[in-house]
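In: Below are the sequence and a predicted model for it; my questions follow.
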Amino acid sequence: MDFLDKDNLQNDLILIAIFAVAILTMPIWLEPFGASYPDLMQKFAIFGIFATGFNILFGLTGYLSFGHAAFLGVGSYTAVWSFKLLGMNPIPALIAAVIIAGVFALVIGFLSLRRTGIYFSILTLAFAQMCYNLAYSVLTPITNGETGLRVLRSDPRIFDGNGSDTGPLVASLFGIEMTGMAGFYFCAVVLILVSWLAIMIFRSPFGLMLKAVKTNQNRMGYTGLNTRPYALAAFVISGMYAGLAGALMCITDPLAGAERMQWTASGEVVLMTILGGAGTLMGPMLGAALIKYFENIFSAFNEQTLEHVFSFMPEGMRDATVSLAGLFVGEGWHLTLGLMFMIVVIFLPGGIIEGLRRLAKAVFGRKRPEQSHAARDDAAQTAR
């Protein structure tokens, strides 16, 4: 089997080792970009997990789901209920969120995968909106409606001891509170582990079968192979990734709200995956990081910030530049994101990863002809 090949395994180990070093050193190399504070890095890791899971479905099988935010919300609610009933240990919350999100994904996927194409996408969107409305207004005893679900001191928390804990109601592991840098490193370790799992899925015969489903599902059906179980398995795995991301949101901030199930959250993960490069290993995580960077950094820019940035210009030119740039930052940061998305879709259908590959080929590919000319010269001298 190709996925058992020693060379491929070694390359994957090198890839995940480089990735792990890059993730764990984010506080250092993100400092020049102003993105090294814990809350933002936690978002990078959490939404990287969300996008990686979505990529297993969309990038490998080609099934475009507009309802993955439902599993994100289910994971969040499950994690908070785990805190309320069992205690503030994040491990049971993660396990419960992954299992419950997987069950929801199994049910929704079983019904939605009866259709393909746009009909599948609309079905997933409908299920997600149903879940949102249930959480917002119908199941208020479970979700607490628009107020959101949070941990209270009156909750059972049977393993913490009800009423004995006078400290803050935050998740803690071995006495370490999952806030700040500790929360980031917890999310980072989970991201590295699930990324390794995603690599194994991509390299496995199962992943190869999912790619075949995307390439020509009808032709596979003509051979007598039933592709639906493979697509359903990918849907469930993807939903479990989303549930895990939702649980991590509550581990770093123990609050679950129905807004995480809205269709806009589902659309956001689609943008992340396409922007970074659907079907690639690291593309969706890169897309997630870029979108969250724009959302948290560009949206914070104001007129005073822009005047400081363009202070080197003459006054008249500076005022015009600030007025123009102000359209793309602050409340208008979505315009910047939209333009970037248009450029990627038009010129780089494979996402930012394709752009990086082209750049690497342009930089390093020029050396090969020179080497070949030198080799021919050496051969000619040898022949003489």
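Out: Looks like it came in fine.

In: pretty sure residue 263 is touching residue 69, no?
Out: Yes: if you go by C-beta atoms under 8 Å, residue 263 and residue 69 touch, sitting 7.1 Å apart. Backbone N, C-alpha and C define where each C-beta goes, glycine included.

In: Which one of these two is surrounded by more residues?
Out: residue 69 (29 against 16; other C-beta atoms under 10 Å).

In: just how off-centre is stretch 46-59 within its chain?
Out: The chain centroid and the centroid of stretch 46-59 are separated by 5 Å, computed with C-alpha atoms, centre = their mean, to the nearest Å.

In: Count the residues that sit near residue 131.
Out: If we define neighbours as other C-beta under 10 Å, then residue 131 has 21 of them.

In: and the gap between it and residue 63?
Out: Separation of residue 131 from residue 63 (C-beta to C-beta, to the nearest Å) stands at 19 Å.

In: intersection of neighbour lists for residue 263 and residue 69?
Out: Residues touching both residue 263 and residue 69 by C-beta atoms under 8 Å, 6 or more residues apart in numbering: 128, 132.

In: In the stretch 251-384 of the chain, where is pLDDT below threshold?
Out: Applying pLDDT under 70 to the stretch 251-384 of the chain picks out residues 366-384.

In: can you give me the helices in it?
Out: For the stretch 251-384 of the chain, the helices defined by DSSP state H, counting those that start in this stretch cover 263-276, 283-296, 303-309, 315-325, 333-347, 351-364, 367-383.

In: Turn these into JSON lines, including distance to residue 96.
Out: Formatted as JSON lines, the helices of the stretch 251-384 of the chain follow (distance: least, C-beta to C-beta, whole Å):
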{"stretch": "helix 263-276", "distance to residue 96": "21"}
{"stretch": "helix 283-296", "distance to residue 96": "24"}
{"stretch": "helix 303-309", "distance to residue 96": "43"}
{"stretch": "helix 315-325", "distance to residue 96": "46"}
{"stretch": "helix 333-347", "distance to residue 96": "34"}
{"stretch": "helix 351-364", "distance to residue 96": "34"}
{"stretch": "helix 367-383", "distance to residue 96": "53"}
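
In: Residue 10: neighbour count?
Out: Applying other C-beta under 10 Å, we find 10 other residues in the vicinity of residue 10.

In: let me redo that: residue 301
Out: Residue 301: 17 surrounding residues under other C-beta under 10 Å.

In: before we move on, back to that, out of the helices of the stretch 251-384 of the chain, which gets nearest to residue 194?
Out: Across these, residue 194 has its closest neighbour in helix 283-296 (10.5 Å, C-beta to C-beta).

In: Need the contact partners of that closest one.
Out: Contacts of helix 283-296 (C-beta under 8 Å, 6+ apart): 33, 35, 40, 43-44, 47-48, 50-52, 54-55, 59, 191, 195, 268-269, 271-278, 333, 336-337, 340, 351-353.

In: tell me how far that helix is from the chain's mean position?
Out: 8 Å.

In: Pull out the buried positions in that helix.
Out: Buried positions in helix 283-296, judged by neighbour count with 16 or more other C-beta atoms under 10 Å: 283-296.

In: Next, the angle helix 351-364 makes with that helix.
Out: Per axes from the mean of the first three to the mean of the last three C-alpha atoms, to 10 degrees, the angle that helix 283-296 makes with helix 351-364 is 110 degrees.
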